[in-house]
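Colleague: All I have is the shape, not the residue letters:
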Ligand SMILES: [Fe+2]
């Protein structure tokens, strides 16, 4: 990275209708730890204290995305670029930073009003992650919690904000859908993970399309698919492999309606050699359902 940029997606806060439904889904299907914290449910799946925080608001959508900066100087450089774009950035209180378990925290909104945070701090917690379903582990080291795909009504405004403001780099683009109704999806990275943030002008009311969790073992994806199917969790897209990040994955419907992509084996980007490409299909095979109507 030649300029200061966020280096990972560290946490998400999600507003949900039912913490109880999410508690079961998180433990039994996703295989992550679910810990009650007052009127919230914290999901842990690596060394960090939590990666997803669910609060019972009834929105069933994303409430906030928290991005990690390497240090205070990087954070301030990113803030200066955002402010130069006209983005209002405010420093969070010490109490707010402590609640996120970080040492430094700023708050802002993306171009369409979604709260975002940038932080500095080590959020690791004592003890090792232990999956309640025996999952070997999730790929997060140096790559953040996974990736998110957002609805962005005006993708060009989102591109300027994410590329020139937050410091993301272009991974590639996919044109999806039938001729005449094509949707351009933009994929961006800020560490070796192929994409941490992707967005498109998806005709949907939710800002959050899906969250991807990457498993360390392909068999855990297969067992997750079996477990989800047995439990009656709707499978939004069957097992398949993506064209651009080469992830082998399936998509399942979370209790909040947005999807969780459960995957294995995404490519890692080396900026010294990476060349963005344009694809015209989301998948090499599979992913039958919402992504590839049969
Ligand atoms: Fe994805």
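Modeller: All right, it came through fine. Note that this is a predicted model, so its numbers are computed, not measured.

Colleague: Flag every residue of the stretch 101-250 of the chain that's near the ion.
Modeller: By C-beta under 5 Å from the ion, the residues of the stretch 101-250 of the chain that approach the ion are residue 212. Every C-beta, even on glycine, is put in place using the N, C-alpha and C of the backbone.

Colleague: Residue of the stretch 101-250 of the chain nearest the ion, please.
Modeller: In the stretch 101-250 of the chain, no residue comes nearer to the ion than residue 212, which is 4.2 Å away by C-beta to the ion.

Colleague: residues touching that residue, list them.
Modeller: Applying C-beta atoms under 8 Å, 6 or more residues apart in numbering to residue 212 gives the contacts 146, 147, 148, 149, 247, 249, 260, 261, 262, 263.

Colleague: just the helices in the stretch 101-250 of the chain please.
Modeller: Listed in chain order, the helices found in the stretch 101-250 of the chain under DSSP state H, counting those that start in this stretch are 155-159, 218-231.

Colleague: Find the nearest non-adjacent residue to residue 231, please.
Modeller: residue 29 (6.2 Å; C-beta to C-beta, 6 or more residues apart in numbering).

Colleague: What does that neighbour show for phi and psi?
Modeller: phi -100, psi -60 (degrees, to the nearest 10).

Colleague: where in the stretch 1-150 of the chain is pLDDT low?
Modeller: For the stretch 1-150 of the chain, applying pLDDT under 70 flags the ranges 1-2.

Colleague: so of the contacts of residue 212, which ones are in strands?
Modeller: Residues of the contacts of residue 212 located in strands (DSSP state E): 147, 148, 149, 249, 260, 261, 262, 263.

Colleague: what about the fourth one, neighbour count?
Modeller: When you say that, I think you mean residue 249. 28 (other C-beta atoms under 10 Å).

Colleague: i'd like the first residue to be 438 from this point on
Modeller: Happy to do that; since the first residue is 438 now, the last one works out to residue 686.

Colleague: for it, what are its contacts?
Modeller: So residue 686 contacts 649, 658, 676, 677, 678, 679, 698, 699, 700, 701, 724 (C-beta under 8 Å, 6+ apart).

Colleague: Next one: residue 585 from residue 563, what distance?
Modeller: Between residue 585 and residue 563 the computed distance is 28 Å (C-beta to C-beta, to the nearest Å).

Colleague: Looking at the two, which one has more neighbours?
Modeller: Shown here are residue 585 and residue 563; by other C-beta under 10 Å, residue 585 has more neighbours (23 against 6).

Colleague: Assess the claim that that one and residue 446 are in contact.
Modeller: Yes: contact between residue 585 and residue 446 holds when scored by C-beta atoms under 8 Å: they sit 6.8 Å apart.

Colleague: Quick check: neighbours shared by the two?
Modeller: Counting by C-beta under 8 Å, 6+ apart, the common neighbours of residue 585 and residue 446 are 502, 633, 634.

Colleague: what about the nearest residue to residue 441 once chain neighbours are set aside, neighbour count?
Modeller: Nearest residue to residue 441, sequence neighbours excluded (C-beta to C-beta, 6+ apart): residue 514, at 3.6 Å. If you count neighbours by other C-beta under 10 Å, residue 514 ends up with 15.

Colleague: quick one: residue 554 from residue 449, how far?
Modeller: The value you get for residue 554 to residue 449, if C-beta to C-beta is used, is 10 Å.

Colleague: what sits in contact with each of those two?
Modeller: Residues touching both residue 554 and residue 449 (C-beta under 8 Å, 6+ apart): 501, 502, 503.

Colleague: Which single one of those residues is nearest to residue 486?
Modeller: Relative to residue 486, the closest of the shared contacts of residue 554 and residue 449 is residue 503; by C-beta to C-beta it sits at 12.2 Å.

Colleague: how about that closest one, secondary structure?
Modeller: Secondary structure for residue 503, judged by DSSP: H, G, I helix; E, B strand; the rest coil, is strand.

Colleague: coming back round to it: any chance of the shared contacts of residue 554 and residue 449 in TSV, with neighbour count too?
Modeller: Formatted as TSV, the shared contacts of residue 554 and residue 449 follow (neighbours: other C-beta atoms under 10 Å):
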residue	neighbour count
501	18
502	24
503	25
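
Colleague: and the ion, which of those reach it?
Modeller: Filtering the shared contacts of residue 554 and residue 449 for proximity to the ion by C-beta under 5 Å from the ion leaves nothing.

Colleague: And these, which is closest to the ion?
Modeller: Nearest to the ion, judged by C-beta to the ion, of these is residue 502 at 14.9 Å.
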